[in-house]
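>>> Next comes the sequence, and after it the predicted model I'd like to discuss.
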Amino acid sequence: MSAVLSVQDAIVSYGKVKALGGVAFQVDGGAVGLLGPNGAGKSTLIKAILNLVPLDSGRITVMGTDSRKLGPALRDSVGYVPEREGVRPGMNGVAWVALLGELSGLPRRSAVERAHEVLQYVGLEESRYRNVETFSTGMRQRLKLAAALVHDPALLLLDEPTAGMDPVGREEMLELCGDLVKKGKTVLLSTHILKDVEVLCDHVVILHRGEVLAGVSVEDWTRSEAQHFLVQWEGDGDAFVAACTAAGWTVERRRDGLLKLVLPPGEKPRAVFKLASETGGAINRFVREATSLEELFLSALQKNGVNHADL
Amino acid sequence: MPIFEQGYETYEGSKRSVKRRWMPLFREEVSPFFRHKRFIFLLILALVPWMYGVALTFLHTQLGNAEWAKELVGKLPEVNETLVAKLLANGYDLFLLLIVVIWVGSGLVARDRKDKTLEVFMSRALSPTQYLWAKGAALGLFLMLFSLLPTLVLVVFQVGLTGDAGWILAHFRVLWGTTLYTLFGPCVLILFMLALSSLGRSPRIVGLVFIAIVFLGNVACGILYGITHSVSVWFFSVSTQLSLLAHRCLGVAPPRHEAMPFGATVFFFVGLALASLAVLALRFYRRGVLR
């Protein structure tokens, strides 16, 4: 069975500027995060998937079909939430969503009924007859999600769907997206907000300056890179800290009395116990602490020689 | 409690054929104008000269044979190709036609670019050709009110009042000439406006550029004509070319000061159409319009 979405060495240029420089990854289902700072090429990649920007070279397939030959049936199975604007002033919520439903092939009556359904689903049932220009940013984002869902697509391409939303709104939006994933939709979430990816996605693809820096399972990644430990120590703490520092490990004393220990990649945890016995103390508690995606994101950037100042 | 209490439901209903998907977009382009009172008033104003045509038809068919009115009616212009050409090419209607082109046309693509709705439309199962067709048809519908529709009304009145279809056979050129004029004149203007609108993001600026090209161009041609007295300077005047086209299509001699060869008029409209199509093809098929 072919992947829902496959991107193979996609290169896109705007004049002399290379927006995507050979991006490659695959989405088999679930929620995948497209993570990267502003200008990383996330929106361009989504537009390339939809054939809204032409590829210089490479290939993108959506459900096994080349995106350049995206026929009506396939376009009907893709929903798109654009990053900015994307709603027409002068129309009310129902009219706008129903129009997009009709453009996706729904008969007029069904489109209106479906518009009511999806607007209720995204929590806009009370504002559906208001003109869209009166909507707040959060309401617009929900409206765009409703418009993307009106034709019941299998793949959702969400470009910064939580941009400009307050924390509660963001949480609700992610909750909606999570619900859609549970209902079998495949979601490609483009964002620069790490928390959103952590909450929603199973996999993450990190983009920077049009290139993939990393692309892995969020769980595997947080596990494989997890060299962070919380240690409860009994005995001469100073001696243990000094020994750890001498071994080249990073140690940090926390306010709760625990030690935060960071081992370099490849170092085995048993080395900590060995060192403990050598310094004459005892470890009462030794917990592996999952690294936050933010730290991993920064480490991926650093591994590729990207400074924070470049972001 | 989650906000999506109702839960997500899949759509199990039927879907419309791909070929007819431009129609909702066309409807959405047209319907707001019918709610606009000033716009409706403008369209009614445009029909005023045609009411004169209808009145003439009434007088000729109903009173033409009456002894007391025969002499008076005989002095009135006949309803034929010459009258229709004058009605199509009168400056008043051409001015209003260009106003409608600006009013409806300037925002056709530019507004979608400004609101970023163009990429939303293009992400649906709607080809660029269907999108442009929907937009062009919306403008075309209103431009029909300046040529084909009133001509048809005139013909229907003529035949209805006399009960004789002989007039159509005698003046068949009125029908095909007007159709030809509509295809070459207003339709090329639609293409031109679509191309212009695809180049901008602001409907206002697109409208101003059109005004500069059409109205200021006309003024410049008038000044040049005053200096050179050469008919060829009118080549770049859109309204003059429309007037010439109407006269030529209906087989009527154009006013002397506009009388340039018909080939020049055909060249103007064909050139404008090809240039507009080239711009639209480049903008849409190379996706530049989406940036």
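Okay, I see it.

>>> how much space between A:V112 and chain B?
Note on A:V112: its distance to chain B, by C-beta to the nearest C-beta, to the nearest Å, is 11 Å. (Each C-beta comes from the backbone N, C-alpha and C, glycine too.)

>>> what about that residue, distance to A:L157?
Remark: distance between A:V112 and A:L157 (C-beta to C-beta, to the nearest Å) = 25 Å.

>>> Which one's more surrounded, these two?
Neighbour totals were compared for A:V112 and A:L157, and A:L157 leads with 26 against 18 (other C-beta atoms under 10 Å in any protein chain shown).

>>> pretty sure the more buried one is in a strand, no?
Yes. Under DSSP: H, G, I helix; E, B strand; the rest coil, A:L157 falls within a strand.

>>> quick one: contacts for it?
By C-beta atoms under 8 Å, 6 or more residues apart in numbering or on different chains, the residues touching A:L157 are A:46, A:49-50, A:78-81, A:148, A:188, A:190.

>>> Tell me which of these fall in strands.
Among the contacts of A:L157, the members found in strands (DSSP state E) are A:78-81, A:188, A:190.

>>> Just give me the closest of those residues to chain B.
For these, the minimum distance to chain B (C-beta to the nearest C-beta) is 4.2 Å, reached by A:Y80.

>>> Now do the same for that closest one: its pLDDT.
Looking at A:Y80, its pLDDT is 95.

>>> give me every residue that touches the residue nearest to it when sequence neighbours are not counted.
Counting by C-beta to C-beta, 6 or more residues apart in numbering or on different chains, the nearest residue to A:Y80 once its immediate chain neighbours are dropped is B:S123, at 4.2 Å. Contact analysis of B:S123 by C-beta under 8 Å, 6+ apart lists A:50, A:52, A:75, A:78, A:80.

>>> Kindly recompute the last result at 7 Å.
Counting by C-beta atoms under 7 Å, 6 or more residues apart in numbering or on different chains, B:S123 touches A:50, A:52, A:80.

>>> after the helix or strand containing B:L56, next one along is what?
Using DSSP states H and E, B:L56 sits within helix B:37-58. Sequence-wise, the next helix or strand downstream of helix B:37-58 (DSSP H and E) is helix B:67-75.

>>> contacting residues around whatever helix or strand comes next after that next one?
The first helix or strand that comes after helix B:67-75 along the chain, using DSSP H and E, is helix B:81-89. Contact with helix B:81-89 is made by B:49-50, B:53, B:77, B:147, B:151, B:171, B:173-174, B:177-178, B:181, B:242-243, B:246-247, B:250-252, as judged by C-beta under 7 Å, 6+ apart.

>>> how close does A:L263 sit to chain B?
40 Å.

>>> okay, now that residue: neighbour count?
A:L263 - counted by other C-beta under 10 Å - has 19 other residues nearby.

>>> Find me the pLDDT at the closest residue to it other than its chain neighbours, would you?
In space, and not counting its chain neighbours, A:L263 is closest to A:Q227: 4.2 Å by C-beta to C-beta, 6+ apart. Looking at A:Q227, its pLDDT reads 72.

>>> which ones are touching A:Q227?
Counting by C-beta under 7 Å, 6+ apart, A:Q227 touches A:262-265, A:267.

>>> out of those, which are buried?
For the contacts of A:Q227, a burial check counting by 16 or more other C-beta atoms under 10 Å in any protein chain shown picks out A:262-263.

>>> Distance to A:T162 added to the contacts of A:Q227, as TSV?
Listed next are these as TSV, based on distance: C-beta to C-beta, whole Å:
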residue	distance to A:T162
A:V262	31
A:L263	34
A:P264	35
A:P265	32
A:E267	37
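
>>> Tabulate the contacts of A:Q227 (a markdown table), appending pLDDT.
Below are the contacts of A:Q227 laid out as a markdown table (pLDDT from 0 to 100):
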| residue | pLDDT |
| --- | --- |
| A:V262 | 83 |
| A:L263 | 82 |
| A:P264 | 78 |
| A:P265 | 70 |
| A:E267 | 77 |
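
>>> Sort out which one of the contacts of A:Q227 lies nearest chain B for me.
Set against chain B, the nearest of the contacts of A:Q227 by C-beta to the nearest C-beta is A:V262 (37.7 Å).

>>> Give me the phi and psi for the closest one.
With angles defined as degrees, to the nearest 10, A:V262 sits at phi -120, psi 120.

>>> Disregarding flanking residues, what is the spatial nearest neighbour of it?
Of all residues not flanking A:V262 in the chain, A:T250 sits nearest, at 4.0 Å (C-beta to C-beta, 6+ apart).

>>> Can you report how many residues neighbour the one you found?
Neighbours of A:T250 under the rule other C-beta under 10 Å: 13.

>>> repeat for the one 3 residues further on
A:R253 is flanked by 13 other residues according to other C-beta under 10 Å.

>>> again with B:V238
Neighbour count of B:V238, defined by other C-beta under 10 Å: 24.

>>> where exactly do the strands run in chain A?
Going by DSSP E, chain A shows strands at A:5-14, A:17-27, A:31-35, A:57-62, A:65-66, A:78-81, A:155-159, A:186-191, A:203-208, A:211-217, A:228-234, A:250-253, A:259-262, A:282-289.

>>> Find me the pLDDT at the nearest residue to B:F235 once chain neighbours are set aside, would you?
Nearest residue to B:F235, sequence neighbours excluded (C-beta to C-beta, 6+ apart): B:A264, at 5.9 Å. Note for B:A264: predicted pLDDT of 93.

>>> is it true that B:A264 touches B:W234?
No. Taking C-beta atoms under 7 Å as the definition, B:A264 is not a contact partner of B:W234, at 9.1 Å.

>>> Mind telling me what element the residue most central in space within chain B is part of?
By C-alpha atoms, centre = their mean, chain B has its centre lying nearest to B:L143, at 3.0 Å. Element membership of B:L143, judged by DSSP H and E, is helix B:128-144.

>>> Just the angle for that helix relative to helix B:37-58, thanks.
Relative orientation of helix B:128-144 versus helix B:37-58 (axes from the mean of the first three to the mean of the last three C-alpha atoms, to 10 degrees): 60 degrees.

>>> pLDDT of the helix or strand just after helix B:128-144, averaged?
Per DSSP H and E, helix B:128-144 leads on to helix B:148-162 as the next helix or strand towards the C-terminus. The pLDDT scores in helix B:148-162 average 89.

>>> Looking at B:A264 and B:W234, which has the bigger crowd around it?
Counting neighbours by other C-beta under 10 Å for B:A264 and for B:W234 shows that B:W234 has the greater number, 24 against 14.

>>> how about the more buried one, what does it touch?
B:221, B:225, B:240, B:258, B:260.

>>> How about B:V18?
Contacts of B:V18 (C-beta under 7 Å, 6+ apart): A:72, B:125.

>>> swap in A:V212?
Contact analysis of A:V212 by C-beta under 7 Å, 6+ apart lists A:23-25, A:205-206.

>>> Give me the pLDDT for it.
What the model reports for A:V212 is a pLDDT of 85.

>>> what sits opposite it in the beta ladder?
A:V212 forms beta bridges with A:L207, as assigned by DSSP bridges.

>>> is it true that B:V289 touches B:S197?
No. With contacts counted by C-beta under 7 Å, B:V289 stays clear of B:S197, the gap being 9.7 Å.

>>> intersection of neighbour lists for those two?
By C-beta under 7 Å, 6+ apart, the residues touching both B:V289 and B:S197 are B:V109.

>>> Pull up the residues of chain A that are close to chain B.
Residues of chain A found near chain B (C-beta under 7 Å from any C-beta of the partner chain) are A:50, A:52-54, A:72, A:75-76, A:80, A:82, A:84-90, A:99-100, A:102-107, A:110, A:114, A:117, A:120-121, A:123, A:151-152, A:172, A:175-176, A:179-180, A:183.

>>> mind redoing it with 6 Å?
Residues of chain A lying near chain B by C-beta under 6 Å from any C-beta of the partner chain: A:50, A:52-54, A:72, A:75-76, A:80, A:82, A:84-86, A:88, A:99, A:102-105, A:107, A:110, A:114, A:117, A:120-121, A:123, A:152, A:172, A:175-176, A:179, A:183.

>>> out of these, which are inside helices?
In this view, the residues of chain A next to chain B that belong to helices under DSSP state H are A:72, A:75, A:99, A:102-103, A:110, A:114, A:117, A:120-121, A:172, A:175-176, A:179.
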